[in-house]
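# can you look at this prediction? I've put the sequence above it.
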Amino acid sequence: MPKLLLQLGIPACLIVLVGLFVTLFDPLESFDTELPPDEGLKIERGTTESDGIDVWVRGNGKDPITIAQVQVDGAYWSFSQTPKGELTRFDSALIKIPYPWVDGETHHLAFVSSTGTIFDHSIEVARPSTALSLGVLGDLALLGLFVGLVPVALGLATLPLLRKMGSRGLVFSLALTVGLLAYLLVDTLAEGLELAADSAGIFQTDVLIWVVAALTFAVLMSLSRLQKKPTSGIGLATWLALGIGLHNFGEGLSIGHALILGNAALGSLLIVGFTIHNLTEGIAIAAPLTKIKPSIFIFVALSAIAGLPAIAGTWVGAFVFLPHWGAIFFGIAAGAILHVIIEVTRFIKSMKKNEYNPFSKSTSYIGFGAGILAMYATALLIQV
Amino acid sequence: MITKLMQTFISRRNFLGTTLTLPVASTALGVSAIAAEKTKDHSENTHSKHSQIDKESHGGHDSNTTVGNVDHERNGFDPHKILTDWDLGKTHIDSSGRRIREFEMIAVDTEIEIAPGIFFPAWTYNGRVPGPTLRAQEGEHLIVNFINAGTHPHSIHFHGIHAARFDGVSKGDGLVWPGESFTYEMPAEPFGCHLYHCHATPLKRHLHKGLYGGFIIDPDPEKHPENIEAARSRVIGTPENNQWQEFIMVMNGFDTNFDDENEVYAANTIAHEYMKKPIKVSRKRPIRIYLINLTEFDPINSFHIHANFFDYYDHGTTLTPTLKTVDTIVQCQGQRGIIEMSFANHEPGKYMFHAHQSEFAELGWMSLFEVVDNA
C-alpha cells in the first residue's frame, strides 16, 4: 500500500511542480501578446414565423460575444434577444427579428458584434414554418412510416425467396448484407460529418462523431461477445435491426429538419425512391433468418426496431433539431453499423467452417459488391 | 445521403426546379402542412403573398433601425453639437495688417461607438469624427498647428490653395510622424465648402479610420459686390447669417470588419442618430447645409430631402446656385457643396432626409428634420 501511494504520489507532485513553475515564472510570456477578442457565433437554427424571423445562436469563441446589431438583407433591423447580454462560450440565445420576409425568397442575416465583426446566416428559402400540432406530428409520422417501417417490412418479405437459394444463396445474401451495411456506414459518417461542419466549433463535433462511433462500437462489441458463439439467427437480426434503426433515426432527423424549415419539398416519386432504397435494409435483416422459422411477432418487432425510429427522427428533426445532436446520433449509428458488419462477417465465417462450399469464397465477394452496387443504384432514385 | 439531397433543394433555383418536376407530397400523402405549394401557383403567390408577416408584428419603417442608443459622453462628442460647433480658431492682426487665424489640431487614436454597441478603433483629429469644422473667412492667413499623438504617421491635406510643402502628402516629406508636430500655413481661399483629410498611405485606411473634417471659408462680401447679400448671409456671426439655420453634415461610413465595405453609414458618424433624435428646425428661418462626402469604398454618396426641394452650390464656390430646385444630389468621394432650402410654407412635422442609395439609408444614413413653428 505505501508503495502504491509512492507510485501515485511522485507523478502527482511532479505535475503540481510543473504547473507552479509555468504559472509563477511564465517562461513563455513572449507569446502571450494582446490580441483582439476571439469572438465566435454559431447560428444553429433560423425559422420564418408569422411575427418575423427567429434565430437560435450560440457563443462559439474563446471570448464572450455581444450582439450589438442585426442586419437583414443589408438593413439594420430591430430585434430582441432572450436571454439578454453577452454570450460566453456554449451560451445560446433566441434572437427575434420582426422582419417582413418574403415567401419563397432568400434572406441574408448578419449579426454585428460589439467589435464590428460580422457573423452571417442565410435563410435560403423562406417558408412559413409549421407550428407544433398533433396534425403535423401525424403527417410526419406518416412520412416516417414510408421512409422507415414500410421499406423494412417489404424487405423482410423477401425471406421466402432467400430461403429457396440454399446455403450458397445464404452466403450470398449475407455478403450482400455486409455490402449494404458498408455503404450505409460510409453514408452515415458522411452525413454526420456534414452536420458536424454545421455545428458550433466549440463542441468539436468533427472529432466527437468519431469518438461516439468508436464508443458505441466498443460497447456493442463487448455486449455481443459476452457469448462465445458467433451471433446468428434472431439475435443477429435484432442487432442488424438496431443498427439500421439508429441510422433511420438520423435519416428522419434530416428529413424532418429540412421539411419544417421549408428547405425541401418531398414529391411522391421521391417517397417511392426512399422506399426502394430502404427496402434493402429489410433484406439485410432477413438474411440471418433463412435457417429458422420465427413467429410473425418477431417480424413485427424487427420491423419496428429498424423502421419506427425514422418517425421519432422526423419529430425531433422538425422541432428540436440542433446540428451537433444530429451529428452525435449519426456517430452512434455508424458505431452500431460497424458492429453489425463485424457480426455478420463473423457469422459468414463460422458458416463456411460448418458447411464447406467451394463457391463460398467468390460468392461472398460477389455478394458484397452487389450489396454496395444495389445501395448506390437505389440511391440514384433519391438523388434529384 | 439525405443531407446532400436536402442541399440540392436549398438554393432557390433548385427549389423551384424540383417542385416543377415532382408531384407534391401534400396531395399525395396528406403532408399538407409541411409540403411546398404547387409551383403552378408560385407566380401567383409571389404577387399575392408579398409579406408573410402579420400586420401587428410588422413595425413598419421604425423596424429598420439600429437598436439602442450611443453613449455620446463616452465618445466625447455629440453629433447634435457637431452640426453647429464651428471651430473659429483664434484671430489676430499681424504687423502688416493681415488677419491671421490660427487652429490647433491633434491626431489621436480613439475608440468610438459608431452605432449602439458597435465600437470602432478610430484615428481622429481632436478626438472626434468628423474632426473639427474649421471655419475662416476669405482673404485671411491661416495657421494650423498640428501634433501627431497617434501611432502612425499622419498629415493634414487641405482642399484649398497652398504651397506644395503644405500639401500634407506622403510623397516628399509631407508626413508628420508620431510624437512630431508641423505647422501648415495657407491663404483662406477660395471661399466655399471644403474639407481636409489625412493624406498618409495607405490612403483608404487613413481616411476610413476617421481622419477628415469640414473646412469652410466664408466669402468676403466686399469682394463680391454683385452678390453682396448672399455673401453676407454666409459670413458666420453677421445679422444676415443669423437668419439662417446652418448645419454641417459629413456623410461617412465605417468598415468594421475590414473587408473594404462599410457596415455603418451616417451623416456625422453615428448611425440613425438624427432618426432617433430629429434635428429641430424652425419653419420661419431658411436652412443651409454644408454637405461633404467622405465615404470610403463606395464611389458616391447622395442627399435626398423629402417633401421639399433645394438649391445647390457645388463646392460652395459660387454665390448663385449651380443647381436650382432639386431634391436629390450626388457627390463623389471628396465632393461637397452647400444646400439651401426652406420649410416656410410647410406644415410642422417630421421630414426625412437620407442618402438615396437605399443600401446606405438602411445601414444608418437616414435622418429627420423636425419642423416646428419656433426652434
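Ah, there it is. Note that this is a predicted model, so its numbers are computed, not measured. Residues are numbered from 1 along each chain as shown, chains lettered A, B, ... in the order given.

# where does the chain have low pLDDT?
With no chain named, the answer covers chain A. Within chain A, the segments meeting pLDDT under 70 span A:1, A:32-33, A:261-270, A:352-360, A:382-384.

# wait, chain B was what I had in mind.
Residue ranges of chain B with pLDDT under 70: B:1-61, B:375.

# domain parsing for it?
Annotated domains of chain B cover B:1-40, B:78-372 [automatic domain parsing].

# which single residue in chain B comes nearest to chain A?
Residue of chain B nearest chain A, by Cβ to the nearest Cβ: B:Thr256 (2.3 Å). (C-beta placed from N, C-alpha, C; glycine too.)

# next one: that residue from B:Glu263, what distance?
Per Cβ to Cβ, to the nearest Å, B:Thr256 is found 4 Å from B:Glu263.

# next secondary structure element downstream of the longest strand seen in chain B?
What stands out as the longest strand in chain B, according to DSSP state E, is strand B:99-115. With elements assigned by DSSP states H and E, the helix or strand that comes after strand B:99-115 is strand B:118-125.

# now do the contacts for residue 240.
No chain specified, so I'll use chain A. Counting by Cβ atoms under 8 Å, 6 or more residues apart in numbering or on different chains, A:Leu240 touches A:177, A:284-285, A:288, A:306, A:340, A:343-344.

# was after chain B, sorry
B:229, B:232-233.

# just among the residues you listed, which is most surrounded?
Ranked by neighbour count under the definition other Cβ atoms under 10 Å in any protein chain shown, the contacts of B:Glu240 are headed by B:Ser233 with 23 neighbours.

# residue nearest the middle of the chain, spatially speaking?
This is for chain A. A:Phe330 (2.2 Å; Cα atoms, centre = their mean).

# my bad, the chain I had in mind was chain B
B:Met251 (1.3 Å).

# quick check: that one touching B:Asp298?
No - using Cβ atoms under 8 Å, B:Met251 is not in contact with B:Asp298; the gap is 9.9 Å.

# can you give me the strands for chain A?
For chain A, the strands defined by DSSP E cover A:41-49, A:52-59, A:67-72, A:75-77, A:80-82, A:92-97, A:107-113, A:118-123.

# reformat the ones you listed as CSV; add mean neighbour count.
Formatted as CSV, these follow (neighbours: other Cβ atoms under 10 Å in any protein chain shown):
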stretch, mean neighbour count
strand A:41-49, 20
strand A:52-59, 22
strand A:67-72, 24
strand A:75-77, 23
strand A:80-82, 13
strand A:92-97, 18
strand A:107-113, 21
strand A:118-123, 16
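
# what number of residues lie near A:Leu4?
Neighbours of A:Leu4 under the rule other Cβ under 10 Å: 8.

# how close does it get to chain B?
From A:Leu4 across to chain B, the span is 51 Å (Cβ to the nearest Cβ, to the nearest Å).

# contacts only, for that residue.
Counting by Cβ under 8 Å, 6+ apart, A:Leu4 touches no other residue.

# do the same with A:Arg346
Applying Cβ under 8 Å, 6+ apart, the residues contacting A:Arg346 are A:230-231.

# redo that, cut-off 6 Å
A:Pro230 (Cβ atoms under 6 Å, 6 or more residues apart in numbering or on different chains).

# what about it, distance to chain B?
Counting by Cβ to the nearest Cβ - A:Arg346 and chain B are separated by 27 Å.

# likewise for A:Gly369?
Applying Cβ to the nearest Cβ to A:Gly369 and chain B gives a distance of 20 Å.
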